[in-house]
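# Provided below for reference: sequence and predicted model.
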Amino acid sequence: MLNKFILAGLVASASAHIKMTSPSPFDNENLSNSPMEKDGSNFPCKNANYRNRPVKENVYAQGSTQTLEFIGSAVHAGGSCQVSITTDPNPTKNTVWKVIKSIEGGCPAKDQTGNLEGGSATGKVPYTYDFKIHDQIGAGNYTLAWTWFNKIGNREMYMNCAPISVTGSGGSQNYLDTLPDMFVANVGNGCGVPEGTDVQFPDPGQDVDQFGLKTKSALGAPTGNCKTGGTRPTSINTSATSQPTSGSSPPTSAPRPTSASSKPTSAVSKPTSAPRPTTGTASRPQPTNTNTPGGPRPTTGTPTRPRPSCSKRPGGSNSTLVPKPTRPAGDSTVSVSQDETKVPAHSPTPSTEAGPAPTPGTDGAFAPGTKCETDGWWNCVGGKAFQRCANHKWSETLTVTEGMKCTPGTGENIEMSAAQPDLSPCDIRRRRRLRRHSF
């Protein structure tokens, strides 16, 4: 039976629930801190508006260690969390999520018997948690999900999502196929987490922390129609302090195996999933004009000078690029999370020491894997793509956020500004017709 102290903590307002602040989530201004609906109707990501991307981009280098941070006070005595990713830029109920980190117990708060004092909805949670961007993850754009199953209180699942970009060379998106599926429970799918339990995930993957050891008896399995688990890792990080350390630094992690030689068995219960694509590289296919509703439209004009079809513009509604909103007017900076450096609005001075001369014909791009001198430096390619120096090698080129452009050149910082839209011949003709009809 819960004591009076725990019951008092559970009375905290729903507005004080926990919300992820790092990585920066989708649609942060409208993102509520409430749990998922019990029937799973807003799974995944609480139906976030994926077009409302964060002002601070989440750009992570392969092999880097990143940090989970939260605000709120209703931590419900902690619980268990996972960090998962998908290549889907607009996740749906059929999206397959792959786990890169599991935290069993003590998340999002350690050694708590109820909620944090104060009942604040905006106060920073004094506990942070690290997760690693595996070296084997291919460079490219992903969607990250933080999921949480609270220990006490109503049986709930929390889920916040964020867009991330991974930089570096090597790796493959096929690596995700070797990782376990994300655990899903308490959303009407027949799988649940018992009251008072720090759930042990059926298949947590190879990167696991356990921070609930002061209440180790609370570690337990889920109940109901949950998929069976794979092989648990032989090394689990259990280092944790009873109080948050100065500056909310993440706990020191013991070495964890990163080998992907054995493919773990899928071990989660989730909404019906469709098989994910097995592309071998981080590049995405370019859209074509062959899938226009009703078939391709005929072109018009003389036989010698055919006019271009106006049925679709590249990068339109069927483009595979991640949808991103236009930045507010005057916003000419981007904050990169790896070093939290604010990018100045002036153009960086190109450096001849960042690497060898650009490959001819590539508009300033370095060949992926080419040696570079200064880790963390950027290379803007033609204003529409960029590379980063990581482990003294240039990464593959990544597309700049839609509606933005960078100033070509290399340097410690990269200048981003709003881009003027390119007008196709079709747009020009439409504007001319509108002007004629307006008189």
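Looks like it came in fine.

# name the element F201 belongs to?
Using DSSP states H and E, F201 sits in no helix or strand.

# What segments of the stretch 1-150 of the chain are strands?
Counting by DSSP state E, counting those that start in this stretch, one finds strands in the stretch 1-150 of the chain at the ranges 19-22, 59-61, 65-71, 79-86, 98-104, 129-132, 140-150.

# F366 is nearest to which of those?
strand 59-61 (15.8 Å; CB to CB). Backbone N, C-alpha and C define where each C-beta goes, glycine included.

# returning to that earlier point: same list (the strands of the stretch 1-150 of the chain) but as a markdown table, adding distance to A121 and mean pLDDT.
Listed next are the strands of the stretch 1-150 of the chain as a markdown table, based on distance: least, CB to CB, whole Å; pLDDT from 0 to 100:
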| stretch | distance to A121 | mean pLDDT |
| --- | --- | --- |
| strand 19-22 | 8 | 94 |
| strand 59-61 | 28 | 97 |
| strand 65-71 | 7 | 96 |
| strand 79-86 | 19 | 97 |
| strand 98-104 | 23 | 97 |
| strand 129-132 | 20 | 97 |
| strand 140-150 | 16 | 97 |
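
# For stretch 84-100, measure first residue to last.
5 Å (CA to CA, to the nearest Å).

# Now that stretch: buried residues?
Within stretch 84-100, the residues scored as buried using 16 or more other CB atoms under 10 Å are 84-89, 91, 95-100.

# Which residue ranges of the stretch 1-150 of the chain form helices?
Along the stretch 1-150 of the chain, the segments classed as helices by DSSP state H, counting those that start in this stretch run 4-10.

# low-scoring stretches of it, by residue?
1-15 (pLDDT under 70).

# which one of the buried residues of stretch 84-100 is nearest G119?
Nearest to G119 among those, with distances taken as CB to CB, is S84, at 29.9 Å.

# now that closest one: how far from K98?
6 Å (CB to CB, to the nearest Å).

# what is in contact with the two at once?
M182 (CB atoms under 8 Å, 6 or more residues apart in numbering).

# that older thread, as CSV, the strands of the stretch 1-150 of the chain with distance to E117 would be great.
Output for the strands of the stretch 1-150 of the chain, formatted as CSV (distance: least, CB to CB, whole Å):
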stretch, distance to E117
strand 19-22, 18
strand 59-61, 33
strand 65-71, 15
strand 79-86, 18
strand 98-104, 23
strand 129-132, 21
strand 140-150, 18
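
# Out of the ones you listed, which is closest to G409?
strand 59-61 (17.9 Å).

# Now do the closest one: which elements does it pack against?
The contact analysis (3 or more CB pairs under 8 Å, 6 or more residues apart in numbering; DSSP states H and E) places strand 59-61 against strand 158-167, strand 385-390.

# Name the next helix or strand downstream of the longest one, please.
As assigned by DSSP H and E, the chain's next helix or strand after strand 158-167 is strand 191-192.
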